Structure formats: C-alpha cells, structure tokens
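In: compute the structure for the input listed below.
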Amino acid sequence: MNSSAAWSPTLVNTVVAHISVFSLSATSPPTPPMPISSVVTPDTTSCSLDDAAFHLPLAVVYSLLFLFGLAGNLFALWVFLFVHASRNSVFVFLINCAVADLVLLACLPFRIFYHVMGNRWLLGHVACKLVGNLFYMNMYISIMLLGLISLDRYLRLKGKRRERRGLGLRLCGCGLPWSWVACGALWGLSLVALVPMIATAEDKEDNHKCFQFKRRQLARGKAYFNVVLVILFWFVFLMLAVSYAKIAYRLIKVSRDKPELPNALRYERTAKKSFFVLFLFTLCFVPYHTFRPIYILTQLNATASCDYLRVVDHINEVMLLFSALNSCLDPIMYFLFSGSVRKTALHVLEKRLGNRPLFQNEATSNSSTTEFRRPSVPLALTRTSKQDTTAHHSPPSETQ
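Out: Reported below is the predicted structural model:
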C-alpha cells in the first residue's frame, strides 16, 4: 500500500502530461484546411444568386409586358394579314417583326412561372435552354428587322428600288422581293445558330435553376458567340442612326426649301416620327448591350466574388426587362407609322365608344396607306422640276 501510494503522484503527473498533449493536438485545427478553404474560388453552385425581393416584381412586370404586347402584336398582325392587302418591302418586315415579337412573348409565361415558384425551374435543363435561347433569338431578329427597315427606307429615299428588286431576283431566281429573301435568310441563320446553343452543355447543368448567371469556364464558345451578337447590335445601331438621320435631314430640308408643296408639312412630321424608332431602339436595347460586355467578362472570370456575381445578375435582369419592353412598344410604332393599323384601331375605338373618335379626321387625312400602294419615295426629294411635280401626288413613306 505504501509503495503504491509513493508512486501514485509520479504516475498521475505523467498521465496528466500525456492527456494535456493529446487534448491540445485534438482541439487545435489542422493548418492545411484553412489555406485551402480560403482560396476556393466563388462558384454559382455555392453562391446563391436568388433574391426573394426580386421574384414578385419580375413576375408582375413580365406579366404586364406579356398581356399588352400580346394584344398589340396580335391586333397588328391581324391588320397586316387580313385588312391590308399590299405587300411592299416595309410591310413584309413589319409582318416578320410582329411574328418575332409574338414568339418572344410566348417565352414570357415560362419566366413568369419560374419567378412565381421562387426561381425554381421544374421542366429540366433542356427546356430551360430552349426557352431562353428562343427569347434571345427573337430579340435579335427584331433588332435586325428594325435595321433592315431603316436600310430599306434609306434606299427608298435614294431611289434605289430597282436595285433592291434586282437583288431579289438574282438571289432567288423566282421573282421573290429582296425583303422576303432577307427575312428568310434571317430566320434560317437564327435557327441554325439556335441548335448548337441548345445542344452544347453548360458548365453546370442544374434542373432547378434557369434564367440566371452562368459560368462560361468550359462553354467559352457561347460567351464568344454572345460577343459577336453585341458587335452585331452596335453595327445595326450605327446603321439605323445614320439612316434615320439622313432621312430626317432630307425630308426636313425639302419641307423648308419647298414650303409650297402640298405635302411639305407631312415631310417634316414624317421626319420627326422617324426618330421615334431610334428612340425606341435606344431605350430598349442600348442599356442591355452597354452592360452586356461586363456580364460576359464576369462569366469568364473565375475569381469574382459572390457579392459581385449577385449584383451583375440583378443588373442583367433589369436590363433584360428593357429589351422585353420592345415587344410591348412595337405596336405603338405600327400605330404611328402604318395608316392601316391606325385607321383600323381608331375604327374599333369608334365602335366601342359609340361616337366618332377625336383623331378620326387626322387619321384619314394623314394616313400612310398610300405608302403601301405607292412604295416609291417622292421624287420631290430630288432637285428636278419634274420630280417636284410628282411629289404632289406621292407623299413620303410614313410607314415604319
């Protein structure tokens, strides 16, 4: 008993010392994991981009755009196809523009449902890519059509209608106008570009997420393709701005140099209306494509912080609303520039209200339906006296 009692303090001290060492080694965190976790790059799989405050506003705004855009474009398409019989080049572009807007609008209910469900996608990643790419495809088709309309009106002003018709004959060999050739090529190329965008895999396929920021570390080809689209947009924007500036300058110049012409006032009004298209184009598409390069660079950046990704994603959502707004404003453009749409709309209002609309006289006297019957630009825009006489009978194109 005495021997064991003598040795017990030493044994106890040894055991306590070993326990202390083991307890320190067990409680101290290992050094390697800390540096590894600190250099992990942000990823959209671990970084939530959802903001519950955005869900309801986005759903409401897209719903309003869908309802107003659907009603306006269906009405315009009905007028173009069943009320008005002429088929000049601008008329063909307007039909295709209305169709592109309707296809884009058909994608909005999917976005509305997605935001109503709290940004949860239930249809799989293939359907997500199909809806998303159809939306962008028709947005860029609308952009190209607005550019083609500006080019057509500029060529019409320069008196090159025969060259455009000859171009159509040479391209098709079957007598199709150049407008149908251009629209067919535009739709065909768009569908060809749509297929690889859907078939190509993303960096991360998530069946429950859609319409959000996506990395492009592996799918770099899609990022480069988006860069090409941005460059194409700015080319079209420059062409549209130059064309309408020259059109407005020529029409205003004629109206002021030749005020005795019966249609001199209409020239100036038509010139001012031309700037509405440029305003619409700028309002809807310029903000989105100004921010687009930043968005693409962020997709290619592997070290962006989670907060930065969230800000970029939210700004892109707001900019995209402006682009979708174009489909809602295009019917206003049809109303201002197409006498057929304007007269039919006012006639419907007359029946609904049971009395004569206040703008009936203006719509009748200032109608641009003669533009469809006489697609050639007024020869008053040149300097010969013979062309001045012709201008009394053929007013400038109002239709856009």
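In: what stretches of the stretch 251-400 of the chain score poorly on pLDDT?
Out: Applying pLDDT under 70 to the stretch 251-400 of the chain flags residues 260-265, 268, 352-400.
In: so where is the stretch 51-200 of the chain shaky, pLDDT-wise?
Out: Short version for the stretch 51-200 of the chain, where the test is pLDDT under 70: 84-87, 159-176.
In: and the strands in this structure?
Out: Across the chain, reading from the start of the chain, there are no strands by DSSP state E.
In: helices of that one, residue ranges please.
Out: Listed from the start of the chain, the chain has helices (DSSP state H) covering 2-27, 33-38, 52-78, 89-116, 124-158, 161-172, 178-199, 220-257, 264-300, 306-337, 339-353, 360-365, 369-373, 385-390.
In: got the angle for the longest one vs helix 124-158?
Out: Between the axis of helix 220-257 and that of helix 124-158 there is an angle of 30 degrees, by axes from the mean of the first three to the mean of the last three CA atoms, to 10 degrees.
In: tell me which residues of helix 220-257 come out buried.
Out: Counting neighbours by 16 or more other CB atoms under 10 Å, one finds that the buried residues in helix 220-257 are 222-223, 226, 229-230, 233, 236-237, 239-240, 243-244, 246-248, 250-251, 254-255. Placement of C-beta: from N, CA and C, glycine included.
In: other SSEs contacting it?
Out: helix 124-158, helix 178-199, helix 264-300 (3 or more CB pairs under 8 Å, 6 or more residues apart in numbering; DSSP states H and E).
In: H208 is nearest to which of the helices of the chain?
Out: With distances scored as CB to CB, the stretch of the helices of the chain nearest to H208 is helix 124-158 (9.3 Å).
In: for that closest one, which positions count as buried?
Out: Buried residues in helix 124-158, counted by 16+ other CB under 10 Å: 125, 128-157.
In: tell me, how many residues neighbour the residue nearest to W234 when sequence neighbours are not counted?
Out: With CB to CB, 6 or more residues apart in numbering as the measure, H289 is the residue that lies nearest to W234, at 6.9 Å, once sequence neighbours are left out. Neighbour count for H289, taken as other CB atoms under 10 Å: 18.
In: R156 versus R250, what's the distance?
Out: Noted for R250: a distance of 11 Å to R156, by CB to CB, to the nearest Å.
In: actually V195, not the one I wrote
Out: With distances taken as CB to CB, V195 is found 35 Å from R156.
In: and what of L283?
Out: 25 Å.
In: got it, and A185?
Out: For A185, the distance to R156 under the criterion CB to CB works out to 20 Å.
In: also K272?
Out: Counting by CB to CB, the gap between K272 and R156 amounts to 18 Å.
In: again with A52
Out: 52 Å.
In: one more: V192?
Out: Applying CB to CB, one obtains 30 Å for the distance of V192 from R156.
In: no more questions from me, cheers.
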